[in-house]
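1. this one's structure only:
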């Protein structure tokens, strides 16, 4: 009978076709996923484009702010100011008190000829002359723009009588933005700004006897016996002047960096110290009482879920601003994270080592010390060290909120909206600090974990 | 017989030497351990005392006051418990914004991280000579705290979610890039070589040969990052970048009498974080199996 011969073929054929159908379906599903996932992402971005009001943002964006920010971050400007009410010229770096040139001292691009007269050589061949209440701004190929204060009005004269787009003029204010400098005239003052490359006064401020000396001269001075500052060796005087630099505040900045690292260190280590014993109560194989386990685990979840931001706010209410508040905020949040990770590590320990140590008559504490701790040390250390690095970053943010460390300095510098060279300096320092911590924790991890593998 | 043999062995100078050496090694180890412990304890105590002295309020004063503020918030919240649901509803759009910031930055960061990690993995890189460059790029973007970029961008773009998103995405790129390239290193080269032998381009080799192998691990790391980024976006809101953090800052500055709003935001934030923690934990377990 053909039917008998057909039986195996019949039973074979459906499986094959089922398999084929399954494969086709799988490929079809994969194709759908391959198309739909990018589509979903794209749709989400389109939604976000409107939810985040990107068109409005582009309208509000202050590209001039960005230009100022970029220019200021690698250069500094010198303000040459004439007081139009009381008379008298002053020259100050960034217009700051602590950067004001003392009488009789001028940068090389300013030539003073009298109390109220100065000639300023700007870049791109431009120059400006302040002559009492009159400002003359000379642009090669264009001519001389003159702006003067006459009583309560400010008048502007241009070579062709028209006002080009790089000058904005009203009866109370004239601003000239040239290629090589800027100038502004108001009733109160006439000011010329000249940009120069670099961070001025980074090492020595103008009141230091070492200001303006070349590195060669400084080295010679450091080695010579003649004291520039009486009663102090030159090297000590230099270090003193740099350390107490009023413009860049190296002392405060270093302290702030140290405070930030301190916050991260205290917070991370404190959290590890608190979380380790608690983790034993949350691990199934060490605590048989389910309610205790449940309680400790929920405690971990709670401190983790409340999040660093809320802890920071609550703690800053009790402790006030400073590094201690930041440390405690990190400590609280990370106790939860560490507790969770440590208890998971504890649940995975190998029981054989503990049994072996028990068989020698060890007491519980000894069992933990010699049977459990060596097993979890590598996991524990690598987690703690990883968090140490990550918390250095968190400490910067927490410092900005509570008021401590480099985060505070950074926010302060940004709020003034003019010390962008300081902002750039702090950003560079923060990145270096985090990279150094990253390198240090990685080095320590390799050292310690390799050490513990060779025999504990 | 055995007794004498054992007796002779214990007497043997070689064994004594080994035993003494072992004892000496244990002693040095214990000494080093003791020193390390001592230094650590000294660092912790002196660090704590230093932090305490540079803080506005001392530790011991603060620890007694620690429950005053939460107490005020809780008592006000209980007093105005009927208003809480309405307040929570009012702040819900900000919460959505915070979650959106986190999701968008995770997505953008992960996409960039995928490209960078593929470009910086040995054996997969498109331009092997440029591996160190891409690695340094990731190191730098990983080292930049979100707040730095956020504050600068707020100055240029004005407050709102976009500066926060860019800032978090930048950091996420570096953080995920490093993890992704570790995953990539463990990928089998066989499919890649197979595809190369039939003349597939680099993009095809990566998309068809590498991505299917590593996608679950990538996704798992990205989910973990999403969890972290929700916290980060809440914090950035506090410095002016929109979302629930911004509302929290405002509610906080209204002061006593308006702590019901603070309580509502605390509850919302707590629930959100726990919810996404659980969600991402669940999916991560599904993706790579419980470790």
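-> Structure's in. What do you need? Every value quoted in this text rests on a predicted model; they were computed, and no experiment measured them.

2. who's the closest residue to residue A:134 other than its chain neighbours bridged to?
-> With sequence-adjacent residues excluded and distances taken as CB to CB, 6 or more residues apart in numbering or on different chains, residue A:134 is closest to residue A:148, at 4.3 Å. The way it works is simple: take the backbone N, C-alpha and C, and place the C-beta from them, glycine included. Under the criterion DSSP bridges, residue A:148 forms beta bridges with residue A:134, residue A:155.

3. close to chain A: what parts of the stretch 151-291 of chain B are there?
-> B:151-152, B:155-158, B:160-162, B:165, B:231, B:234-235, B:238-239, B:245, B:248, B:252, B:266, B:269-270, B:273-274, B:277, B:291 (CB under 8 Å from any CB of the partner chain).

4. can you select the buried ones among those for me in ChimeraX?
-> This is the ChimeraX syntax for the buried subset of these, where burial follows 16 or more other CB atoms under 10 Å in any protein chain shown:
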select /B:151,152,155,156,157,158,160,161,162,165,231,234,235,238,239,245,248,252,266,269,273,274,277
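
5. from the residues of the stretch 151-291 of chain B next to chain A, which land in helices?
-> The members of these that map onto helices under DSSP state H are B:151-152, B:155-157, B:161-162, B:165, B:231, B:234-235, B:245, B:248, B:252, B:266, B:269-270, B:273-274, B:277.

6. secondary structure element holding the residue nearest to residue A:256 when sequence neighbours are not counted?
-> Nearest residue to residue A:256 in three dimensions, chain neighbours excluded: residue A:406, at 4.4 Å (CB to CB, 6+ apart). Using DSSP states H and E, residue A:406 sits in helix A:405-416.

7. got the buried residues for that helix?
-> A:405, A:406, A:407, A:408, A:409, A:410, A:411, A:413, A:414.

8. how about the residue nearest to residue B:249 when sequence neighbours are not counted, what does it touch?
-> In this structure, residue B:249 finds its nearest non-sequential neighbour in residue B:238, 5.0 Å apart by CB to CB, 6+ apart. Residue B:238 makes contact with A:309, A:401, B:245, B:246, B:248, B:249, according to CB atoms under 8 Å, 6 or more residues apart in numbering or on different chains.

9. and the two most separated of those?
-> For the contacts of residue B:238, the farthest-apart pair by CB to CB is A:401 and B:246; their separation is 12.7 Å.

10. how many residues are close by the residue nearest to residue A:134?
-> 19 (other CB atoms under 10 Å in any protein chain shown).

11. pretty sure it contacts residue A:155?
-> Yes. Between residue A:148 and residue A:155 a contact is recorded at 5.8 Å, counting by CB atoms under 8 Å.

12. could you chop the chain up by domain?
-> Picking chain A for this. Using automatic domain parsing, the domain parsing of chain A gives A:7-58, A:77-197, A:250-453.

13. not quite, I wanted chain B
-> B:2-59, B:71-288.

14. just the mean pLDDT for the last one, thanks.
-> Model confidence over domain B:71-288 averages 89 on the pLDDT scale.

15. got the phi and psi for residue A:170?
-> Phi and psi for residue A:170, reported as degrees, to the nearest 10, are phi -140, psi 180.

16. how many residues are close by it?
-> Quick note: residue A:170 (other CB under 10 Å) scores 9 neighbours.

17. what's near enough to touch it?
-> residue A:154.

18. so how far is chain B from it?
-> 26 Å (CB to the nearest CB, to the nearest Å).
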